[in-house]
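Peer 1: Quick one, what's the 3D model for this:
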Amino acid sequence: MKDIIKGITKLIFKIIRFVLSYYFQMFLTYPLVSIILIIIAILAWI
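Peer 2: The predicted structure is shown next:
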């Protein structure tokens, strides 16, 4: 059971790292678009 949780956690971290690196590249290319997306994400969380 612990191994399954560890595997899922590793997978989640990999996905987060991939998304963040992809998002960072997008941020460098389209700063305005990503700022708007950040604002939308913050509003969605509230």
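
Peer 1: Distance of residue 4 relative to residue 10?
Peer 2: 11 Å (C-beta to C-beta, to the nearest Å). Any C-beta I mention is one placed from the backbone N, CA and C, and that applies to glycine too.

Peer 1: Look at residue 10 and report its pLDDT.
Peer 2: We have a pLDDT of 95 for residue 10.

Peer 1: what secondary structure does it sit in?
Peer 2: helix (DSSP: H, G, I helix; E, B strand; the rest coil).

Peer 1: what's the distance between it and residue 35?
Peer 2: In terms of C-beta to C-beta, residue 10 sits 31 Å off from residue 35.

Peer 1: go on, residue 12?
Peer 2: From residue 12 to residue 35 the distance is 26 Å (C-beta to C-beta).

Peer 1: Over to residue 45?
Peer 2: Counting by C-beta to C-beta, the gap from residue 45 to residue 35 is 16 Å.

Peer 1: and those two? which has more neighbours close in?
Peer 2: Shown here are residue 45 and residue 35; by other C-beta atoms under 10 Å, residue 35 has more neighbours (11 against 6).

Peer 1: so who does that one touch?
Peer 2: Neighbour list for residue 35: empty [criterion: C-beta atoms under 8 Å, 6 or more residues apart in numbering].
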